[in-house]
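> structure of the sequence below:
(2 chains)
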Amino acid sequence: MKANKKNKLADDNHGYVKIVGGLVAFLLMIIVGVLVYWETQGSIDSFDALTETFTADSAGNTFTRWTGTTGSNYTGERVELDNSPKTITSVYVWNGTGNAAELCTVTTHYTNTHKYIDIVANGRSSFNQVNVTYTSNMASSEDGTSSMATTVFDLLPIIALAVVASIIIGVIVGFGAGNKRL
Amino acid sequence: MKANQAFKKLQNNNHGYVKIVGGLVALLLMIIVGIMVYWETSDSIELSSASANTSRDGVDDMATTVFDLLPIIALAVVASIIIGVIIGFGAGSKGL
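Presented below is the predicted three-dimensional model:
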């Protein structure tokens, strides 16, 4: 490796300078790499937990509250998410009654198929809005990559540490070896 | 792999370390771009039959596993570099 090669410095007055310069450049490149990676990763909103609000079903028909005699959501509604969910944190329906809207969870009253959420709010089927909070498959996959990226970025400076250690060992090994060694 | 190739050539390459880091960052970024492209494509495909949907779900499951494993490549590259440096200790002019 170049920095270690510079350990053969018996005939090179500028060897140490090059070693230090190389290591500093390496460490700076790690910082730049960390910056580039996390800036890029953070700029993609799809990797975050998402909350979507719906006032119409997947066919585009606006929800109409069940009034006891009419209403589209008496038998359930199907909404289409932007991304397929890996985990669904919550499904809420706005159980509107007059001017006051009450937020109700329907955790046990929905089923998920690919991008679709089928909501049967049972006794709470008088809703005109649905809020779904979820983590997409995309975000879940990306999370594993970012976790490993953190580990890799933690390990990269150890390369510099190993190089410095090798140089120190090289110098010590050269003790008493005459002018052929460092 | 580019990072490993750069590592192999470092004896005569002043910019080897920079290439290693650049290669690893490029690899990690390429993985998350690949994840984004895959899931955007997969989510946009609407299948009419239950069998087709089952097949797609199976592919999605395996893709998830593959995406989980891909970052380990970066870890292995870093590990190989560290091991390479350590092996070079005291190897004289033939060492790293």
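
> alpha carbons only for contacts and neighbour counts from here, please
OK.

> what does chain A put close to chain B?
Contacts of chain A with chain B, taken as CA under 8 Å from any CA of the partner chain, map to A:1-2, A:4-5, A:8, A:22, A:25-26, A:29-30, A:33-34, A:36-37, A:40-41, A:83-84, A:114-115, A:137-138, A:141-142, A:144-145, A:148-149, A:151-152, A:155-156, A:158-159, A:162-163, A:166, A:169-170, A:173.

> just the pLDDT for residue 68.
Reading this off chain A. In this model, residue A:68 is scored at 62, pLDDT.

> nope, chain B please
On the pLDDT scale, residue B:68 gets 90.

> cool, and residue B:59?
On the pLDDT scale, residue B:59 gets 91.

> quick one: buried ones out of the residues of chain A next to chain B?
Buried by 16 or more other CA atoms under 10 Å in any protein chain shown: A:1-2, A:4-5, A:8, A:22, A:26, A:29-30, A:33-34, A:36-37, A:41, A:83-84, A:114-115, A:137-138, A:141-142, A:144-145, A:148-149, A:152, A:156, A:159, A:162-163, A:166, A:170, out of these.

> among those residues, which are in helices?
A:2, A:4-5, A:22, A:26, A:29-30, A:33-34, A:36-37, A:41, A:137-138, A:141-142, A:144-145, A:148-149, A:152, A:156, A:159, A:162-163, A:166, A:170 (DSSP state H).

> center of chain B - which residue?
For chain B, residue B:73 is the residue whose C-alpha lies nearest the centre (CA atoms, centre = their mean; 4.4 Å).

> in contact with that one, which residues?
Neighbouring residues of residue B:73 by CA atoms under 8 Å, 6 or more residues apart in numbering or on different chains: there are none.

> which of the three states applies to residue A:132?
strand (DSSP: H, G, I helix; E, B strand; the rest coil).

> direction included, what does the strand ranked longest in chain A pair against?
As assigned by DSSP state E, the longest strand anywhere in chain A is strand A:85-97. When pairing is defined by DSSP bridges, strand A:85-97 lines up against strand A:100-105 (antiparallel), strand A:129-136 (antiparallel).

> let's see it as CSV, backbone CA atoms only.
Output in CSV follows, covering the C-alpha atoms of strand A:85-97 (Å, rounded to 0.1, in the frame of the first residue of the first chain):
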residue,chain,number,x,y,z
PRO,A,85,-46.2,-1.1,3.0
LYS,A,86,-43.7,-3.2,5.0
THR,A,87,-45.3,-2.3,8.3
ILE,A,88,-48.4,-0.3,8.9
THR,A,89,-48.1,1.9,12.0
SER,A,90,-51.7,3.0,12.2
VAL,A,91,-54.9,3.4,10.2
TYR,A,92,-57.2,6.2,11.4
VAL,A,93,-60.6,7.2,10.2
TRP,A,94,-62.2,10.6,10.7
ASN,A,95,-65.4,9.7,12.3
GLY,A,96,-67.2,12.9,11.5
THR,A,97,-70.3,13.8,13.3
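
> now do it, average pLDDT.
78.

> domains of chain A?
A:2-44+A:140-180, A:48-139 (automatic domain parsing).

> may I see the buried residues of stretch B:38-52?
Neighbour counts over stretch B:38-52 (16+ other CA under 10 Å) mark B:39, B:40, B:42, B:43 as buried.

> which residues sit against that stretch?
Residues contacting stretch B:38-52 (CA under 8 Å, 6+ apart): A:83, A:84, A:114, A:115, A:137, A:138, B:53, B:60.
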